[in-house]
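J.: can't give you the sequence, but here's the structure:
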């Protein structure tokens with residue numbers, strides 16, 4: 001993204017941030033819905049170059065095609081189950097990005113005194129979201145990012 005700030009689609013610009021003197025943007029991309037929805041339009045250079053950890057593991061032979069496919073199938077299934085539960089609990093009908101579900105859950109906890117009176121279904125959904133988020137980090141972020149996020153620093 002170096003030098004691209006100010007020249008990117010709105011949702012990518014909105015999710016831009018700096019980390020360790022590097023320009024980055026939050027994932028999942030808000031233009032991604034089963035596939036890139038702006039594939040033929042201007043987007044960040046990284047969009048064409050990015051390779052998730054799952055693809056790296058498959059390409060290097062650490063995972064078979066069947067193993068990689070199963071991880072993707074299971075991630076999609078979990079995402080759908082979370083979306084369905086979210087819609088059932090909130091009554092909202094439209095599909096929203098996973099990050100938005102997480103933010104809504106945080107807002108709901110704030111409204112219920114830090115979760116002390118939180119709806120049992122919301123608590124369970126929150127736990128499922130945390131599990132799903134951990135699996136996404138493990139399989140789709142780089143091994144370096146994963147280690148950085150979970151390793152104990154001495």
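T.: Looks like it came in fine. All values derive from a computational prediction rather than experimental measurement.

J.: can you list the weak-confidence ranges in this protein?
T.: Counting by pLDDT under 70, the chain has low-confidence residues at 1-3, 5, 112-118, 142-154.

J.: got the domain boundaries for it?
T.: 10-50, 55-150 (automatic domain parsing).

J.: what's the spacing between residue 95 and residue 34?
T.: 10 Å (C-beta to C-beta, to the nearest Å). From N, CA and C alone the C-beta is placed, and that goes for glycine too.

J.: and those two? Which one has more around it.
T.: residue 95 (11 against 6; other C-beta atoms under 10 Å).

J.: quick one: contacts for residue 126?
T.: By C-beta atoms under 8 Å, 6 or more residues apart in numbering, the contact list for residue 126 reads 105, 109.

J.: and residue 9, by the same measure?
T.: 31, 38, 41-43.

J.: before we move on, back to that, okay, the domains of the chain in a markdown table with distance to residue 4 next?
T.: Below are the domains of the chain laid out as a markdown table (distance: least, C-beta to C-beta, whole Å):
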| stretch | distance to residue 4 |
| --- | --- |
| domain 10-50 | 6 |
| domain 55-150 | 21 |
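
J.: could you measure residue 125 against residue 23, distance?
T.: Applying C-beta to C-beta to residue 125 and residue 23 gives a distance of 33 Å.

J.: residue 62 too?
T.: 29 Å.

J.: compare those two (neighbour count), which wins?
T.: residue 23 (15 against 12).
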